[in-house]
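>>> Task: produce atomic coordinates for the following.
(one chain, ligands or ions: 2)
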Amino acid sequence: MPDRGQLKQQVIDEIDRRRQELIDLSLRLHANPEVAFKEEKAAAWLADYLEANGFSVERGICQIPTAFRAAYGSGAPRVAFLAEYDALPGVGHGCGHNIIGAASTAAGLAVKAVVEETGGTVLVIGTPAEEAAGGKVYMAARGAFEGLDCAMLAHPGNRDVALSYALACLELDVEFHGRAAHAAARPEAGTNALDAMIAAFVNIGLLRQQLRDSARIHGIITDGGQAVNVIPYHTAASFLIRAEDDQYLDEALKSKVLACFQGAAVATGCRLEHCWGDASRYKAMRSNQTLAEVYRANIEALGRKVVDPGSHRPMGSTDMGNVSALVPAIHPTIAIAPPDISIHTVEFRETAASEAGHQGLLDSAKALAMTAVDVLVDADLRRRMREEFDGGG
Ligand SMILES: [Zn+2]
Ligand SMILES: [Zn+2]
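Ligands and ions are numbered 1, 2, ... in the order given. So this is what the prediction gives:
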């Protein structure tokens, strides 16, 4: 087995050698933002680039036209970089997925340069629609991540973080059915579906004090009534319910939230219909700490300083959580913006095409590729990752 340090230098050199074409690729994605499941150009550019460099590519995997799987090498261990490339409606690449797409592709090409020496297989898996619907939710259910030793992607942000967290997230759609009546002449003949909805919001507001700090319940009313002089006979709302662990969400939060709606229905005499969005459920992100530690060492060797997000970390949800439930996975953050610029803004979009964005692309690609080298050459590391994963992380 060649020296690990030499292999890491080779992957760094490979990314430096491709520097300009990687930046051009990132800028091309940035200039052509495509929203969830419509990432036809982005998926094709990345898949074409990998194919032209010797990867065998399957397009449209998991019945998703803009998903792909590119592989090079043979047999185990199998290390995958996940490429996101969808944009946001209105804000374009305000989440910087152009950098993720280019960096995961770059990491794949870099590891390809050493995989004959390390043995194993390097994969780049194109995962559409992170921002809506969650492409990885469906790809996970359809077997896209089976047989991997680990899966990684680095997300651009405003600080360098190795160990990330994200909340499990479940959608709930509700409807109340009442009875219409003239709101002034005969209100007593009506059954007010808006009263039921308001009571449910109040119940949820009261419930919040009894929940764990990290729980989040937030909703919008999508139908609040039909006319001001008619007792509303129908109301509807969409909610998202989130928690730091899947079990708490399933075993506690779901029934408590549903009871808020059921109680409101009883109090007002309305009929409740509800529907859980289990098919699009995001699982909590379970970062593999062993792997995250290896990534931290590699990104710090490139001169960056990783920060500990601490207990008051801001958290959303990501479909990477569903991958982390299946295989050891990490979702580190690479700093490309100052702390006061957040993702999903116009300012962040500009940063994603700036010099700082390019540096984030190159550094994250190098650290991901170096981490893959560690995984490919180090059987003991693979065993520790797997033990942590099997032990429930
Ligand atoms: Zn985003
Ligand atoms: Zn994102």
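>>> Where does pLDDT dip in the stretch 201-350 of the chain?
For the stretch 201-350 of the chain, the stretches with pLDDT under 70 are 311-314.
>>> Mind jotting down where the strands sit in it?
Taking DSSP state E, counting those that start in this stretch as the criterion, the stretch 201-350 of the chain carries its strands at 216-223, 234-243, 271-276, 285-286, 329-330, 333-335.
>>> out of those strands, deepest packed?
Per-stretch averages of neighbours, counted by mean count of other CB atoms under 10 Å, single out strand 329-330 among these, with a mean of 28. C-betas here are computed from N, CA, C, even on glycine.
>>> If you count contacts, what does that strand end up packed against?
Strand 329-330 is packed against strand 150-152, helix 289-301, with contacts defined by 3 or more CB pairs under 8 Å, 6 or more residues apart in numbering; DSSP states H and E.
>>> got the contact list for it?
Strand 329-330 is contacted from outside by 150-152, 162-164, 285-288, 291-292, 295, 320, 323, 371, using CB atoms under 8 Å, 6 or more residues apart in numbering.
>>> please redo it, this time with the cut-off set to 6 Å
For strand 329-330, contacts defined as CB atoms under 6 Å, 6 or more residues apart in numbering pick out 151-152, 287-288, 291-292, 295, 323.
>>> Stretch 208-220 now?
204, 237-244.
>>> Including distance to residue 365, could the residues you listed go into CSV?
Shown next, in CSV, are the contacts of stretch 208-220 (distance: CB to CB, whole Å):
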residue, distance to residue 365
204, 43
237, 43
238, 38
239, 38
240, 33
241, 36
242, 31
243, 33
244, 30
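>>> related to what we said a few turns ago, so which of the contacts of strand 329-330 comes closest to residue 176?
Minimum distance to residue 176 across the contacts of strand 329-330 is 36.8 Å, recorded for residue 323 (CB to CB).
>>> Could you list which residues are in contact with the closest one?
136, 140, 145, 151, 329.
>>> What separation do you get for it and residue 152?
The spacing between residue 323 and residue 152, counted by CB to CB, to the nearest Å, is 10 Å.
>>> now swap in residue 345 and tell me
26 Å.
>>> quick one: which of those two has more around it?
Comparing residue 345 with residue 152 by other CB atoms under 10 Å, the one with more neighbours is residue 152, at 29 against 15.
>>> OK, contacts around that one?
By CB under 6 Å, 6+ apart, the contact set of residue 152 is 81, 330, 368.
>>> again, but for residue 225
Listed by CB under 6 Å, 6+ apart, the contact set of residue 225 reads 194, 232.
>>> what residue is smack in the middle of this structure?
residue 318 (2.6 Å; CA atoms, centre = their mean).
>>> quick one on the thing from earlier: just name the closest of the contacts of stretch 208-220 to residue 304, please.
Nearest to residue 304, judged by CB to CB, of the contacts of stretch 208-220 is residue 244 at 26.7 Å.
>>> Identify the spatial nearest neighbour of the closest one, chain neighbours not counted.
Of all residues not flanking residue 244 in the chain, residue 214 sits nearest, at 4.0 Å (CB to CB, 6 or more residues apart in numbering).
>>> any idea how far that neighbour is from residue 202?
To residue 202, residue 214 is 23 Å away according to CB to CB.
>>> now residue 34
Counting by CB to CB - residue 34 and residue 202 are separated by 41 Å.
>>> Between the two, which is the more surrounded one?
A side-by-side neighbour count of residue 34 and residue 202, using other CB under 10 Å, places residue 34 first with 20 against 12.
>>> Would you agree residue 93 is in contact with residue 34?
No. Contact criterion CB atoms under 6 Å: residue 93 and residue 34 do not qualify, at 9.7 Å.
>>> Helices of the protein, start to end?
Under the criterion DSSP state H, the chain contains helices at 4-17, 19-31, 40-52, 97-112, 115-118, 135-141, 193-207, 246-248, 254-268, 289-301, 320-324, 346-351, 355-377, 379-390.
>>> Tabulate these (TSV), appending distance to residue 179.
Below are these laid out as TSV (distance: least, CB to CB, whole Å):
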stretch	distance to residue 179
helix 4-17	66
helix 19-31	53
helix 40-52	48
helix 97-112	48
helix 115-118	68
helix 135-141	39
helix 193-207	8
helix 246-248	38
helix 254-268	11
helix 289-301	56
helix 320-324	42
helix 346-351	47
helix 355-377	57
helix 379-390	54
